[in-house]
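[1] No sequence on hand, only this structure:
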């Protein structure tokens, strides 16, 4: 069997091993890669950066544990930026697991790093089922939809919620999304109907669907997948798990590109051979 | 202690799932069944706690009896499992479909159709604008099936196919990136949280 035939009949398990090695090796042998910040990531950063201190930012945690490797690093990076600018964060979730993830993120960033006060600098309103209908109703009254925070305490007890009635008191919405309900719904209601500034981060799978919103200005910025998270970590100058993961991501992409090229070359060579024989 | 036990269980289940890459085996099946069972249990509790109780039981107990209607409609959906009265579910489905499509029609038209059309009405003064307009027009022509794709029309449709293929390629690239990211996340968990070999 020559090299061409070997490549043509490569065992799928060999490919799995190659991908695993391409992910594992850079985790043990750190490689420094330059992070290029794309315009969508810069757009989100600039939009948050321009908000005056004390502004209310609504952060929607619309994702679950299955997409945490991609979306959680960007959550931490955005929270670091928001708290460094002294902005207030009102967190909520249209996904049931999102409220607990918000709690973990606040523990890491708001409490341990920035020593912010719950109820004064940030609040977690918890999860509400209903997706699009919840966003629509929040345009009329946020306390009516979220009468209590995640722990069940009435929201009027907290200073951060004293003046918040509806979207009028929210300067910007940041949606961290892994599907529906998510960015699409925030754009449909909060941006289109209430003209609110909407930005966000999402899984790489869903990112291409949201790029048209950037061109129309319906989204001020977008972080797509782990790459977007790494870009934001670079912007806030706080390297985290996303930047650490970039060498693995780059090497595995290189392996996949080489495998695709091998697949195509063998396809065309085989076609040429069969044409000659035929 | 709980964290350590949790990490060991998570690591074991991750390895069981990865073992499928070699070939199907009882460990993979065990992990798969645990996942299905836990998910089913989780979603039942979730639906009762977050949907049925706050959206029906609580309002009804506060005297807002109109919410009983939604409860009845929910029960009508479940009649699908009983062939004799299964037709009742169609009424509830019809209500949901009608209400949702009516609600979405206006918002979707405003936020997607009109905004996207407006963003395509661009001056032909830059390569990007030309690319957008040519891409939109040729892709639309490809989806116009009332005329046979022959001659100039066919060639224009072919250009549309190229644009679509590039879009699908970009989507596929992003999908690969997402899947690799998840793999990195799992590998990082195994090496960091479980084995503590890296930070």
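    In hand now; what should we look at? Just so we're clear, the structure is a prediction, and the values are computed from it rather than from any experiment.
[2] Walk me through the domains of chain A.
    According to automatic domain parsing, chain A comprises the domains A:39-239, A:240-278.
[3] Kindly provide the distance from residue A:216 to residue A:58.
    Residue A:216 sits at a distance of 21 Å from residue A:58 (criterion: CB to CB, to the nearest Å). Any C-beta I mention is one placed from the backbone N, CA and C, and that applies to glycine too.
[4] These two - which one has more neighbours?
    residue A:58 (25 against 18; other CB atoms under 10 Å in any protein chain shown).
[5] The helix or strand hosting the more buried one near chain B at all?
    For residue A:58, the host element (DSSP states H and E) is strand A:56-62. No: using CB under 8 Å from any CB of the partner chain, strand A:56-62 never reaches chain B; the gap is at least 14.5 Å.
[6] Touching, residue B:88 and residue B:79? I think so.
    Yes: Residue B:88 is within contact range of residue B:79, at 4.4 Å (criterion: CB atoms under 8 Å).
[7] picking that back up, select, out of the domains of chain A, the one closest to residue B:126.
    domain A:39-239 (12.8 Å; CB to CB).
[8] Residues contacting the strand holding residue A:58, please?
    By CB atoms under 8 Å, 6 or more residues apart in numbering or on different chains, the residues outside strand A:56-62 that reach it are A:48, A:51, A:75, A:78-79, A:82, A:87-95, A:98-99, A:101-102, A:105, A:160, A:164, A:169-179, A:181-183, A:186.
[9] try 7 Å this time
    Strand A:56-62 has contacts (CB atoms under 7 Å, 6 or more residues apart in numbering or on different chains) with A:82, A:87-95, A:98-99, A:101-102, A:164, A:169-178, A:181-182, A:186.
[10] Could I have the buried ones of those residues as ChimeraX selection syntax?
    The buried subset of the contacts of strand A:56-62, as determined by 16 or more other CB atoms under 10 Å in any protein chain shown, is captured in ChimeraX by this line:
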select /A:82,87,88,89,90,91,92,93,94,95,98,99,101,102,164,170,171,172,173,174,175,176,177,178,181,182,186
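[11] Filter the contacts of strand A:56-62 down to just the ones in helices.
    Secondary structure defined by DSSP state H assigns A:82, A:98-99, A:101-102, A:186 of those to helices.
[12] List, one by one, the residues from chain A near chain B.
    Listed as neighbours of chain B in chain A under the rule CB under 7 Å from any CB of the partner chain: A:13, A:16, A:23-24, A:27-28, A:68-70, A:96, A:127, A:129, A:187-189, A:192-193, A:203-205, A:207-208, A:212, A:215-216, A:218, A:224-227, A:241, A:245, A:248-249, A:252-253, A:256.
[13] ok, now with 6 Å
    A:16, A:23, A:27, A:69-70, A:96, A:129, A:187-188, A:192, A:203-205, A:207-208, A:215-216, A:225-226, A:245, A:248-249, A:252 (CB under 6 Å from any CB of the partner chain).
[14] Go through stretch A:184-197 and flag the buried ones.
    Buried residues in stretch A:184-197, counting neighbours by 16+ other CB under 10 Å, are found at A:184-194, A:196-197.
[15] what's the straight distance from one end of that stretch to the other?
    14 Å (CA to CA, to the nearest Å).
[16] do stretch A:211-221 as well
    Terminal-residue distance, stretch A:211-221 (CA to CA): 9 Å.
[17] how distant is that stretch from the center of its chain?
    Here stretch A:211-221 is found 15 Å from its chain centre; the criterion is CA atoms, centre = their mean, to the nearest Å.
[18] Helix, strand, or coil at the one residue sitting closest to the centre of chain B?
    Central residue of chain B (CA atoms, centre = their mean): residue B:175, 13.4 Å from the mean position. Secondary structure for residue B:175, judged by DSSP: H, G, I helix; E, B strand; the rest coil, is helix.
[19] quick one: contacts for it?
    Counting by CB atoms under 6 Å, 6 or more residues apart in numbering or on different chains, residue B:175 touches residue A:205.
[20] For whatever residue of chain A ends up closest to chain B, which residues are in contact?
    Closest approach of chain A to chain B (CB to the nearest CB) occurs at residue A:69, with a separation of 2.5 Å. The contact partners of residue A:69, by CB under 6 Å, 6+ apart, come to B:181-182, B:185.
[21] Spatially nearest residue to the residue of chain B found nearest chain A (excluding sequence neighbours)?
    In chain B, the residue found nearest to chain A is residue B:185; the distance is 2.5 Å by CB to the nearest CB. Among residues not flanking residue B:185 along the chain, residue A:69 sits closest, at 2.5 Å (CB to CB, 6 or more residues apart in numbering or on different chains).
[22] And the pLDDT for the one you found?
    For residue A:69, the model assigns a pLDDT of 95.
[23] That one: which element?
    Counting by DSSP H and E, residue A:69 is found in helix A:68-84.
[24] follow-up on the earlier one: could I get the ones in helices among the contacts of strand A:56-62 in CSV, plus columns for pLDDT?
    Formatted as CSV, these follow (pLDDT from 0 to 100):
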residue, pLDDT
A:82, 98
A:98, 96
A:99, 95
A:101, 97
A:102, 98
A:186, 97
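[25] Flag the shaky bits of the stretch 151-278 of chain A, pLDDT-wise.
    Along the stretch 151-278 of chain A, no part satisfies pLDDT under 70.
[26] what residues does chain B put near chain A?
    Proximity of chain B to chain A is confined to B:21, B:46, B:50-51, B:107, B:110-111, B:115, B:119, B:170-171, B:174-175, B:177-178, B:180-185, B:187, B:198 under the rule CB under 6 Å from any CB.
[27] at 7 Å instead, please
    Near chain A, when you scan chain B using CB under 7 Å from any CB, you find B:21-22, B:46, B:50-51, B:107-108, B:110-111, B:115-116, B:119, B:170-171, B:174-178, B:180-185, B:187-188, B:191, B:198.
[28] Could you turn the buried ones of those residues into a PyMOL selection?
    To isolate the buried subset of the residues of chain B next to chain A in PyMOL, counting by 16+ other CB under 10 Å, use the following:
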select buried, chain B and resi 50+107+111+115+119+171+174+175+176+177+178+180+181+182+183+184+185+187+188+191
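[29] Would you mind measuring from the residue of chain B closest to chain A to residue A:221?
    Following CB to CB, the distance that separates residue B:185 from residue A:221 is 24 Å.
[30] Same question for residue B:93.
    Taken as CB to CB, the span from residue B:93 to residue A:221 is 39 Å.
[31] cool, and residue A:264?
    Distance from residue A:264 to residue A:221, by CB to CB: 36 Å.
[32] what about the two, which has more around it?
    Using other CB under 10 Å as the criterion, residue A:264 and residue A:221 rank with residue A:221 on top: 24 against 10.
[33] what sits against that one?
    A:40-41, A:43-45, A:47, A:199.
[34] Please produce TSV containing these, extended by secondary structure.
    Output for these, formatted as TSV (three-state DSSP):
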residue	secondary structure
A:40	helix
A:41	helix
A:43	helix
A:44	helix
A:45	helix
A:47	helix
A:199	strand
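[35] check contacts around residue B:182.
    Counting by CB under 7 Å, 6+ apart, the residues that residue B:182 touches are residue A:69.
[36] ditto for the one 10 residues further on
    Contacts for residue B:192 (CB under 7 Å, 6+ apart) come out as B:198-199.
[37] mind running it again at 10 Å?
    Applying CB atoms under 10 Å, 6 or more residues apart in numbering or on different chains, we find residue B:192 in contact with A:27, A:241, B:7, B:198-199.
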